[in-house]
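K.L.:
Kindly generate the corresponding structure for this input.
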Amino acid sequence: MIIEKNGRTFKLVKKFEHDENLRASFNALTKSTYGFDFESWYQNGHWTDKYLPYALAHEDQIVANISVNIMDFKIKDEISRYIQLGTVMTDQTYRGMGLSRLLMDIILKEWEDQCDLIYLFANDSVLDFYPKFGFEKRDEYHYYQHIDISTQNFDTDLVRKLDLQNINDQSLLFKIVMNNQLKLEFMEVSNPYLIMFYSLNFLSNCFYYIEELDAIIVAETHLDETLIYGVFSRKETHSHQLTQLFIKEKTDSKIIKFDFVPEDTSKYVLKLSKEEDSTLFIKKIRKDLPERVKFPTLTHA
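P.N.:
Okay, here's the model as predicted:
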């Protein structure tokens, strides 16, 4: 698609991940906007058709983008198809031209009849932008557990940190996430490639393996509070069993914060989540979002 705007000619480009020039341009814009890029993710084979950038190119350089992420969520026993919009960015030279609005119109027209709900996480500076397209702001919630640290064992033989520079540990992680058998109240079930993105980038030091349960725990431990990002296992076990084993062996924090909706929410304290530059907006298509949910950071795109 060719688009004429403000005396310039733009080309809409999609599925360009194998085009070295366009991918390099996309990575450069991502790097300048967010401080990271997708190259290692691509080189490791995790950029699939679950991640679909809609980009505008001017003179063969990508100058604006909104990406579509196909996300199937299991709510209790029902699967819903959600579309997450992410990697929203415009090169500084091209801002103020309405390119994001143009891309949003294109994406909504193409995807509204293919999903149950569309959602995104907005920076605080653009909270007035998304309601113009029918998005509404929603709250998210974290679940907490208070711990008696006198019961901790710290037996490091049961839980080991993965070395994600090691190809064997990378492979182990992917296989477990790909074949996850855990059952949560609200969980993403179709896009393990985002987990791999976080393992290669921001949270590479936070992945632990429990061989006895063939399970992965993703957690960040601090003296005052431990944040558990996610749990995965190839065995049919309970998330509470995994988290309690990790807590007992690997943290002396008094407070445990869960970045997902646990299996049995009655065991935990519920609090409103307040995070800078991460306001949830949803656009209902066929279904509404369940109450008191948390989209795990590991699923943010």
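
K.L.:
Now tell me what touches the helix or strand encompassing residue 195 from outside.
P.N.:
Assigned by DSSP states H and E, residue 195 belongs to helix 192-200. Helix 192-200 has contacts (C-beta atoms under 8 Å, 6 or more residues apart in numbering) with 38, 40-41, 44, 46-48, 50-51, 69, 164, 170, 173-174, 177-178, 180, 188, 204, 207, 218, 229-230, 232, 297-301. (C-beta placed from N, C-alpha, C; glycine too.)

K.L.:
Is the residue nearest to residue 225 when sequence neighbours are not counted bridged to anything, and to what?
P.N.:
Closest residue to residue 225 apart from its sequence neighbours, by C-beta to C-beta, 6 or more residues apart in numbering: residue 255 at 4.5 Å. With DSSP bridges as the criterion, residue 255 is bridged to residue 146, residue 225.

K.L.:
Sketch out the low-pLDDT regions of the stretch 201-301 of the chain for me.
P.N.:
For the stretch 201-301 of the chain, no stretch has pLDDT under 70.

K.L.:
so where do the helices sit in it?
P.N.:
239-250 (DSSP state H, counting those that start in this stretch).

K.L.:
What ranges does it have for its strands?
P.N.:
Ranges of strands within the stretch 201-301 of the chain are 207-210, 215-221, 225-233, 255-258, 269-272, 279-284, based on DSSP state E, counting those that start in this stretch.

K.L.:
Out of these, which is closest to residue 121?
P.N.:
Set against residue 121 and scored by C-beta to C-beta, the strands of the stretch 201-301 of the chain come closest in strand 279-284, at 6.0 Å.

K.L.:
Report all helices and strands that that closest one contacts.
P.N.:
strand 117-122, strand 136-138 (3 or more C-beta pairs under 8 Å, 6 or more residues apart in numbering; DSSP states H and E).

K.L.:
So which of these is nearest residue 157?
P.N.:
With respect to residue 157, and counting by C-beta to C-beta, the nearest of the helices and strands packed on strand 279-284 is strand 117-122 at 38.6 Å.

K.L.:
chain center to that closest one: distance?
P.N.:
Chain-centre distance of strand 117-122: 11 Å, with C-alpha atoms, centre = their mean, to the nearest Å.
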